[in-house]
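Novice: for reference, the sequence and a predicted model appear below.
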Amino acid sequence: MKSGTPSRTSEGTTAVRAREMGRPPADRICHDPYAEFFLGPFYQALRKYQLLGKSYGWLREWLCPGLRGGILARARYIDERLATSLRDGIEQLCKKMRFHGVNRSMEVSEMFRFVHAKHL
């Protein structure tokens, strides 16, 4: 990954969510209206030239069966869990990630705080 640019993995995941927004609302597995705004030139071209985009999507699915569905299912699961937690009154969300280096591993936590409407 080059400095100042997104990884191919994150951009590919975003492209899958952006493509999902082209489906009828009742058929969508996840809802991410902002995904298309985070696409780089390659994925923007795939969206612009639909035949090329469909061919690329077919090739990715052929090379990695279930990849698209797994990405969408994960996004849906996270969205539903977060929505449920917000309805139940969660005030803090901690996302833990593990990074394993050659000589050591370290744990990093990202903390998100939510302000409820009743506190505004």
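Specialist: Looks like it came in fine.

Novice: in stretch 58-75, what counts as buried?
Specialist: Of the residues in stretch 58-75, those scored as buried under the neighbour-count criterion (16 or more other Cβ atoms under 10 Å) are Arg68, Ile71, Leu72, Ala75. For glycine as for every other residue, the C-beta is placed from the backbone atoms N, C-alpha and C.

Novice: quickly find the element holding the second one.
Specialist: Yep, that's Ile71 we're talking about. Assignment of secondary structure by DSSP states H and E places Ile71 within helix 67-87.

Novice: for that helix, packing partners?
Specialist: Counting contacts by 3 or more Cβ pairs under 8 Å, 6 or more residues apart in numbering; DSSP states H and E, helix 67-87 packs against helix 8-20, helix 50-63.

Novice: quick check: angle from the first one to helix 67-87?
Specialist: Spelled out, that is helix 8-20. 80 degrees (axes from the mean of the first three to the mean of the last three Cα atoms, to 10 degrees).

Novice: return the helix or strand in the protein with minimum mean pLDDT.
Specialist: Taking mean pLDDT, DSSP states H and E as the measure, the chain has strand 105-113 as its least confident helix or strand, at a mean of 50.

Novice: tally of neighbours for Tyr77?
Specialist: By the measure other Cβ atoms under 10 Å, the count of residues near Tyr77 is 11.

Novice: returning to what we had before: what's next to the helix holding Ile71, contact-wise?
Specialist: 13, 16-17, 20, 29-32, 57, 60-61, 93, 114 (Cβ atoms under 8 Å, 6 or more residues apart in numbering).
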